[in-house]
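A.B. asks: Below is the structure, and that's it, no one-letter string:
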């Protein structure tokens, strides 16, 4: 067989998707699983959004659109960010993509080259590292600490900058920890990256899922301090329960967005025309469904955190955003003889039928991620099974 491209040896498949695949296999065999692995809302897409999609089909809005999205959608994205953050973008500074993942991928491929270093963080979403590799650049991973609440401080990134640093990519609220980067921390970082000519890329896909009042107007920080070197990537997936619709976007300098447009024109072309109409409704219609989902996530977060921390061997920083608990199980591993959190998660799935994502997926061995984007009944029964599993060790 002829050798595959070299880049295929530098990347790994998504470890979070492996959990989903394992759960699917068990369910196909008729096994009931209490699934804490899913990284997507369990809520239905808001009815008005789905109705907009039906109207698009009924109106035969089913043809190609401009590669970067319709003018209507671009204006809806711009208006949403102006309403939420007070920032001003022009139509040539936004592109609609097939999900936040494509927005980030477009960004990596159009900003970074071979020989560049790109700083990101752990624990963190593994795709950020893999996309840097796909751009032939070198990921440099800095580590947030559990005893600091996994805070993403400016100094954490500044200490890792070298003459080869081309960009910094960060995710706030963070998957898997739920930690936030504060406005003050981003301000300090943005001032320095701007001074040094370093790109600053924000993955804000969980930006609408922050539980308590907290200064988190990161787009305004970008606008004030490094708009010519800042790219914001967002998504309708989490806030509007639209994961399968594949709707995301990038906001940034016109030249950077033009490069993304050129790349996307040869990759996927436009986002589905139906999805675009649905996203316009999501962004411009009532935001009450987002508030309702956030309130329910808060209730689940608080309940699950209380249940699990009843066992002193589980240490969990209560997340400020997103919809995951990131639990330190290193004490359990030591006592029970598990060699890794991966082994722990595998045993938990096959013995107790509880699915969690091992910390190795986020470059954080000794932890497990539990998604509370599921029903309260599942959370209650799954937590009981998890605690009983630990108690037997």
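C.D. replies: Looks like it arrived, so ask away. All figures in this text were calculated on a predicted structure; none of them were measured in a lab.
A.B. asks: State the three-state secondary structure for the nearest residue to residue 325 once chain neighbours are set aside.
C.D. replies: On the basis of CB to CB, 6 or more residues apart in numbering, the spatially nearest residue to residue 325 that is not a chain neighbour turns out to be residue 370, at 4.6 Å. Backbone N, C-alpha and C define where each C-beta goes, glycine included. Of the three states, residue 370 takes strand under DSSP: H, G, I helix; E, B strand; the rest coil.
A.B. asks: Spit out the contact partners of residue 370.
C.D. replies: Contacts here follow CB atoms under 8 Å, 6 or more residues apart in numbering; on that basis residue 370 touches 36, 304, 308, 324, 325, 326, 327, 356, 357.
A.B. asks: Just want to check the distance between the residue lying closest to residue 11 once chain neighbours are set aside and residue 120.
C.D. replies: The shortest distance from residue 11 to any residue other than its chain neighbours is 4.8 Å, reached at residue 130 (CB to CB, 6+ apart). To residue 120, residue 130 is 11 Å away according to CB to CB, to the nearest Å.
A.B. asks: the more surrounded of these two?
C.D. replies: residue 120 (24 against 18; other CB atoms under 10 Å).
A.B. asks: what are the bridge partners for the more buried one, then?
C.D. replies: residue 141 (DSSP bridges).
A.B. asks: Just list the residues touching it, thanks.
C.D. replies: Residue 120 sits next to 128, 129, 132, 139, 140, 141, 142, 168, 169, 170 when contact means CB under 8 Å, 6+ apart.
A.B. asks: got the contact list for the third one?
C.D. replies: Under the criterion of CB under 8 Å, 6+ apart, the contact list for residue 132 reads 108, 112, 118, 120, 138, 139, 169.
A.B. asks: how does it look with 10 Å?
C.D. replies: Applying CB atoms under 10 Å, 6 or more residues apart in numbering to residue 132 gives the contacts 11, 104, 108-109, 111-112, 116-120, 138-141, 166-167, 169.
A.B. asks: So for it, what pLDDT did the model give?
C.D. replies: Model confidence at residue 132, given as pLDDT, is 97.
A.B. asks: any idea how far it is from residue 165?
C.D. replies: Residue 132 sits at a distance of 12 Å from residue 165 (criterion: CB to CB).
A.B. asks: same deal with the first one?
C.D. replies: Applying CB to CB, the value for residue 128 to residue 165 is 15 Å.
A.B. asks: So for the two, which residue has more residues nearby?
C.D. replies: Shown here are residue 128 and residue 165; by other CB under 10 Å, residue 128 has more neighbours (23 against 20).
A.B. asks: which residues touch the more buried one?
C.D. replies: Contacts here follow CB under 10 Å, 6+ apart; on that basis residue 128 touches 101, 104, 108, 118, 120-122, 139, 141, 169-171, 175, 201, 203.
A.B. asks: Now it: which helix or strand?
C.D. replies: For residue 128, the element it lies in under DSSP states H and E is helix 126-134.
A.B. asks: chain center to that helix, what's the gap?
C.D. replies: 13 Å (CA atoms, centre = their mean, to the nearest Å).
A.B. asks: quick revisit: what is the nearest of the contacts of residue 370 to residue 86?
C.D. replies: Residue 86 has its nearest neighbour among the contacts of residue 370 in residue 324, at 28.9 Å by CB to CB.
A.B. asks: correct me, but that closest one touches residue 373?
C.D. replies: Yes. Taking CB atoms under 10 Å as the contact criterion, residue 324 and residue 373 are neighbours in contact, 8.3 Å apart.
A.B. asks: Can you check which residues contact both of those two?
C.D. replies: Looking at what touches both residue 324 and residue 373 (by CB under 10 Å, 6+ apart), the common residues are 36, 39.
A.B. asks: So what does residue 358 look like in phi/psi?
C.D. replies: Here the main-chain torsion angles of residue 358 (degrees, to the nearest 10) amount to phi -70, psi 150.
A.B. asks: What of residue 215?
C.D. replies: Per degrees, to the nearest 10, the residue geometry at residue 215, taken as phi and psi, is phi -60, psi 110.
A.B. asks: Please apply the same query to the one 5 residues further on.
C.D. replies: In this entry, residue 220 is assigned phi and psi values of phi -70, psi -30 (degrees, to the nearest 10).
A.B. asks: ok, it touching residue 226?
C.D. replies: No. Distance between residue 220 and residue 226: 11.7 Å, which falls outside the contact criterion (CB under 10 Å).
A.B. asks: more neighbours, the two?
C.D. replies: Comparing residue 220 with residue 226 by other CB under 10 Å, the one with more neighbours is residue 226, at 23 against 18.
A.B. asks: Please identify the nearest residue in space to the more buried one, excluding sequence neighbours.
C.D. replies: Once chain neighbours are set aside, the closest to residue 226 by CB to CB, 6+ apart is residue 194, at 3.9 Å.
A.B. asks: residues contacting the one you found?
C.D. replies: Neighbouring residues of residue 194 by CB under 10 Å, 6+ apart: 200, 222, 225, 226, 227, 228, 229, 230.
A.B. asks: rerun that using 6 Å as the cut-off
C.D. replies: Residues touching residue 194, when contacts are defined by CB atoms under 6 Å, 6 or more residues apart in numbering, comprise 225, 226, 229.
A.B. asks: Let me know the closest of the residues you listed to residue 60.
C.D. replies: Using CB to CB, residue 229 comes nearest to residue 60 of the contacts of residue 194, at 42.1 Å.
A.B. asks: I'd like the distance between the closest one and residue 135.
C.D. replies: Taken as CB to CB, the spacing of residue 229 relative to residue 135 amounts to 17 Å.
A.B. asks: Where do the strands of the stretch 101-250 of the chain begin and end?
C.D. replies: Using DSSP state E, counting those that start in this stretch, the strands assigned to the stretch 101-250 of the chain run over residues 117-122, 138-143, 165-171, 199-203, 230-235, 248-251.
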